[in-house]
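Participant: fold the following, please.
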Amino acid sequence: MLAFLNRSLSASLPPPQPNFWNKFKPKGKEPDPKQGPMAVARPRLLTLAFGEMETLRMLPNSFTELNNAAHEWAKPPPGAEFNLRVPVEYASIHAARLVAGPYIYLTGEDSYQIAIMGVNGIRVEIVSDAPPPPDEPPALPPPPVLEMPGTFNLELTPGQHVALDVTVSSDEMDMARMENGTLVDGLFWGKLEIIHSGDTHNLEFNGSRFTAGEDINPEAVLDPRVLSKLATVAKPATAKCNLTILSPAVQYCDVVLTFSPYWKVGMAWPPPERLGDQKVKYFLRVHPGGALEHFESEMVTTALYYEAIPDASMVDPTSFIAPRNGFAMSFEDFIPHLMNVLDQLGMSLHARTAFINNNMASFAVHKNIAYRFLGPSKVAAAIDISISAEPCSFTRIFLIFRGLTEDEMGVFAGAGEKEANQHNWREVVGCELEREANIAKNRALFENLGLKQAVQSLGVSKPAKSSTKPVQPKRVKRERVEEALPRRQSRRLLSKLNGDVEETSEERKLREEEEVKEEERRAEAEEKARQAKRPRHDTLNFKTLAETDQPQELSSLSTTMETIPQTAHRRVGDPEAFVFKDDKKDERAVQEIREKVQNLKVVSRAKVVTERIYCAAYHPEVSKDIIFFGDKHGTLGIWDARAPPDDEDDDGGVAPENREGGKYWRLQLHWPATSKSSISSIKLDPIDTHNLYTSSYDCTIRSLSFVSGTSKEIYATDGVLISCIDLPPNGHEMWVSDVAGGATHLDLREDKSKARRYELSDQKIGCISVNPSRPNFLLTASNSRFLKVWDARKLNGMPVNLLDQAAQESSADDSTRSTLEFDAEIVNKYLESKDGKGGFRGEWKHDKSASSAYWDPRGRQIVSTSYDDTLRLWDIDSKLFETKAAFPQLKPFSHVNHNCQTGRWVTILRAQWSPNPDVYPHFTVGNMRHSLDIYSGKGDLITQLSDPTMVSAVQAVTCSHPNIVERAVSGNASGRCVLWAPESL
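Facilitator: Next comes the predicted model:
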């Protein structure tokens, strides 16, 4: 069955009603003789060019008018050289044949008339030694007309007339201007419903209103927009379905179509037998050539045609077709592309030609088209088809499309014709599954008939086994001695078992004292075991944190870190850097990045941690590649990716290409070692490369110092999970987001009791980012779908007496709180006040939850990821940061289609900017197809790093070197990590 759903369908318009329109004529005037149809002439345009300046005007009728218009616009000084010329590609073909050069010079009326003969527009260039004219602003267009009066004269019954005075209004179409620019006094279309004596009468109308005194036939002026609007009004969105049946022999069959409650059958040909509101039936005789005999209508056809009309409240192609599941292209590109797709789906030339020809009128209504194919399960849920012939196999193709404006085409950036051609459409519509099912049926049939040779010829395609073998972790022999807890035993029962029945009072006293001491030791051991399962809040050394009891491994970690200078590393970019007015400069900058990263290879692999990787951070040292990874069970993995391997590791039996590269150490920073302690964020200290911060779901933030070899807690919440942290370049402050929708400000130089928490969202804030060049601007992304920008100066300036007043009103005892809590009501009330004005700068709502949002190193651009399968980019002008007012709009300038449906077992994808401020802005993001994608700051795909022989899992977590462009790292759900670098490294 071939079917498609069309949002905007062509439909027959109501027949013209001259008597109706004549009622709009002024009274008392004799009707003029009826004129023939008047065509609206297309205006001929003139483009005047002088240097880099251009202006558009109506084409003059004579050379004198052209010369005067050119002098009036260019205003050459007296005595200046002044000539007019036309490029031959803009002139008429007759004039182009008369010249040998690239231009036709206009010297008089003859050369001008020859040049403009038969052309709708022409370009005339001014050649003069005078300076170009000043750039004059274009004249403002007349205001749009969105409302106008109208009168309907209706005849309810013979001799009974009624006049309706109405107001015709429009919320989107200017009724004073046609699509080609022609100005009229009024242009309207609509649908009128009249209820009279319990009967409902529908009237579709359209027309143009002209000023009084004009004698113009209203039927001569019709805007194409009106035609398309009337078509939509006259007929709802409809699925036009064709059902073809092929049979190996002549046979009779019943075809039953059952519609779901959300669909109803419309027009059908041949007419079927109706079995109810949602069910119809055909009785046919099917022939091998595809002919279908319908006995009731005595018709012979090659296909059954029927229309399926969905419930109006259910169908909105805008929600069905989005960049995450569809593609968009121009109408000219769509038709040949659709032919190619239908060919891939196995349709015959006749079938796909008929499919397109039958629907060409519907396609041609739109300049741009967005479309998708629905899978067989979704089609079957709407319309079920049963055919009495056995066996029977189905192939169902369902195309849904909608028209797009030029502005909407930007939303489908990254989902165009190129991406559509690379799509596996057979998998989408279920052709492969149906093929496998048919082969399985035939195999069973041949086996029952004993045709073994035929069974063997039915080759079922098997997916190729991946030759990729994950990197094997080093096998180091370690023996752990677990301390057994003292068992609770009764000395009295033991004495009886040993035959010591006679027990003196002194022996009993000693036994009881010993039992009391033993009970105390056991209780103490149990308490220690319970404490071991709780989060640790004290300061811990490396020996406690390490997973090994071999001191030489800890010493090698200390030695590695000691070779790194203890300096500030975070560099801030210039907000005006890499801001080009010339697109070619942008292209050259992107090409420089592409040349550096497109050939990166897998140079090192290792299973750095044992559980799923949640986050990563790249150390800025240029002589080493040191990366920190945080996993699901609170372990921090430290990987020196290019360090020589240890000789004493027992890697026998593992091929060299599958061995681990570099050295790594594991520190159990957060406790207990379960999913309750997942490390949610890692940040390096901006002013000390020997110090880093980690946040965890154990509700703590810890600082790890490689100088002192200790880890200490710097902040903890009261049961609220911490989702993200970030630090400004000065390194003295920290902003913390949590799953309860709060953002907490910490001054690391003060006691943690001075922390201030602001409730900025009613749902989880999964990401918080501090602007590096303007640290007072915060960026939050939350599950409420919103990306928001805040001014931290206003938040931190919120007076404490607001909190005290709220506390008194709620009769709450805040004496034990370690953090000042400003709830949403206090925050919103303060931001609406005069003192808090400017604290909230802007927001943007995603279609689904916003997973992450980060500032680039310049503090100018933003990249966000969302569950709606779209990466979005913003570019905020520096002038907007200098004002105290909210941003005029926070609309992304680029949308990139990117699959973000990671599911339960893969870490959420987050696009991460390269922290290097010296190169053109670009970012990395994981791909569900096992690649690491690198995009430019404009949203252009630079390259996709992949290696099927070494990488077989989704590289969900990514980051790049702060100082070296040719370095990137990624990690997956099993704890394995990959270093991408030049192969010659």
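Participant: tell me where the model's unsure across the stretch 351-500 of the chain.
Facilitator: 376-377, 391, 393-394, 428-470, 472-500 (pLDDT under 70).
Participant: okay, now residue 256: neighbour count?
Facilitator: 16 (other Cβ atoms under 10 Å). Where C-beta positions appear, they are placed from N, C-alpha and C, glycine not excepted.
Participant: mind telling me what element it is part of?
Facilitator: Here residue 256, judged by DSSP states H and E, is contained in strand 251-259.
Participant: which phi and psi does the residue sitting nearest the centre point of the chain have?
Facilitator: When Cα atoms, centre = their mean is applied to the chain, the residue found nearest the centroid is residue 870 (0.9 Å). Backbone torsions of residue 870, given as degrees, to the nearest 10, read phi -140, psi 130.
Participant: who's in contact with it?
Facilitator: Applying Cβ atoms under 8 Å, 6 or more residues apart in numbering, we find residue 870 in contact with 323-324, 846-847, 895-898, 900.
Participant: ok so, going back, so what touches the strand holding residue 256?
Facilitator: Strand 251-259 is contacted by residues 243, 245, 247, 265, 272, 275, 278-286, 304, 306, 308, 382-389 when judged by Cβ under 8 Å, 6+ apart.
Participant: secondary structure element for the closest residue to residue 769 other than its chain neighbours?
Facilitator: Leaving aside its sequence neighbours, residue 769 sits nearest to residue 779 (Cβ to Cβ, 6 or more residues apart in numbering; 4.2 Å). Residue 779 is part of strand 777-782, with elements assigned from DSSP H and E.
Participant: what average pLDDT does that strand get?
Facilitator: For strand 777-782, mean pLDDT rounds to 97.
Participant: distance between it and the chain's centre?
Facilitator: 18 Å (Cα atoms, centre = their mean, to the nearest Å).
Participant: and if you look at stretch 879-899?
Facilitator: For stretch 879-899, the distance to the chain centre is 16 Å (Cα atoms, centre = their mean).
Participant: what about that stretch, how long is it end to end?
Facilitator: Length of stretch 879-899, first residue to last, Cα to Cα, to the nearest Å: 34 Å.
Participant: contacts for it?
Facilitator: With Cβ under 8 Å, 6+ apart as the criterion, stretch 879-899 contacts 323-324, 410-415, 419, 774, 777, 787, 789, 837-838, 840-844, 864-865, 869-876, 909, 925, 927-929, 933, 935, 938-939, 941.
Participant: what residues sit buried inside that stretch?
Facilitator: 881, 886-887, 890, 892, 894-898 (16 or more other Cβ atoms under 10 Å).
Participant: now do the strand or helix carrying residue 353: which elements does it pack against?
Facilitator: For residue 353, the enclosing helix or strand under DSSP H and E is helix 349-364. In terms of contacts (3 or more Cβ pairs under 8 Å, 6 or more residues apart in numbering; DSSP states H and E), helix 349-364 is packed against strand 2-6, strand 238-243, helix 331-344.
Participant: checking residue 346 next. Helix, strand or coil?
Facilitator: Put simply, residue 346 is coil when judged by DSSP: H, G, I helix; E, B strand; the rest coil.
Participant: any idea how far it lies from residue 271?
Facilitator: 31 Å (Cβ to Cβ, to the nearest Å).
Participant: same thing with residue 640?
Facilitator: Per Cβ to Cβ, residue 640 is found 78 Å from residue 271.
Participant: repeat for residue 872
Facilitator: According to Cβ to Cβ, residue 872 stands 51 Å off from residue 271.
Participant: now do residue 577
Facilitator: If you go by Cβ to Cβ, the gap between residue 577 and residue 271 works out to 71 Å.
Participant: pretty sure residue 554 is touching residue 546, no?
Facilitator: Yes: with contacts counted by Cβ atoms under 8 Å, residue 554 reaches residue 546, the gap being 5.7 Å.
Participant: host element of residue 529?
Facilitator: Going by DSSP H and E, residue 529 is in helix 505-532.
Participant: what comes up buried for that helix?
Facilitator: residue 511.
Participant: let the chain start at 123 from now.
Facilitator: Renumbered: residue one is now 123, and that last one reads helix 627-654.
Participant: that one packs against which elements?
Facilitator: Against helix 627-654 (3+ Cβ pairs under 8 Å, 6+ apart) you get helix 613-619.
Participant: quick one: low-confidence ranges for the stretch 673-822 of the chain?
Facilitator: Using pLDDT under 70, the stretch 673-822 of the chain drops low at 673-674, 768-776.
Participant: going along the chain, name the strands of it.
Facilitator: For the stretch 673-822 of the chain, the strands defined by DSSP state E, counting those that start in this stretch occupy 723-729, 735-740, 748-753, 757-762, 785-790, 801-806, 813-818, 822-827.
Participant: now for these, which one comes closest to residue 630?
Facilitator: Residue 630 sits nearest to strand 785-790 of all the strands of the stretch 673-822 of the chain, at 46.9 Å, using Cβ to Cβ.
Participant: and the closest one with strand 757-762, angle?
Facilitator: Strand 785-790 and strand 757-762 are oriented at 160 degrees to each other (axes from the mean of the first three to the mean of the last three Cα atoms, to 10 degrees).
Participant: other SSEs contacting strand 785-790?
Facilitator: Strand 785-790 packs on helix 664-667, helix 673-684, strand 757-762, going by 3+ Cβ pairs under 8 Å, 6+ apart.
Participant: could you rerun that using 6 Å?
Facilitator: Under the contact definition 3 or more Cβ pairs under 6 Å, 6 or more residues apart in numbering; DSSP states H and E, strand 785-790 sits against strand 757-762.
Participant: pull up the pairing partners for the strand it packs on, direction included.
Facilitator: Strand pairing for strand 757-762, using DSSP bridges, gives strand 748-753 (antiparallel), strand 785-790 (antiparallel).
Participant: now it - C-alpha only, CSV.
Facilitator: Output of strand 757-762 as CSV, limited to C-alpha atoms (Å, rounded to 0.1, in the frame of the first residue of the first chain):
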residue,chain,number,x,y,z
THR,A,757,36.2,6.8,41.5
LEU,A,758,38.5,9.3,40.0
GLY,A,759,40.7,7.9,37.2
ILE,A,760,44.0,9.7,36.4
TRP,A,761,45.4,8.7,33.0
ASP,A,762,48.8,9.6,31.7
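Participant: please name the nearest non-neighbouring residue to residue 369.
Facilitator: Nearest non-adjacent residue to residue 369 (Cβ to Cβ, 6+ apart): residue 408, at 4.2 Å.
Participant: surely that neighbour meets residue 366?
Facilitator: No: assessed by Cβ atoms under 6 Å, residue 408 is found out of contact with residue 366, at 10.1 Å.
Participant: the two: which is more packed in?
Facilitator: residue 408 (21 against 17).
Participant: the nearest residue to residue 1079 once chain neighbours are set aside: neighbour count?
Facilitator: In space, and not counting its chain neighbours, residue 1079 is closest to residue 1093: 4.4 Å by Cβ to Cβ, 6+ apart. Per other Cβ under 10 Å, the neighbour tally for residue 1093 reads 31.
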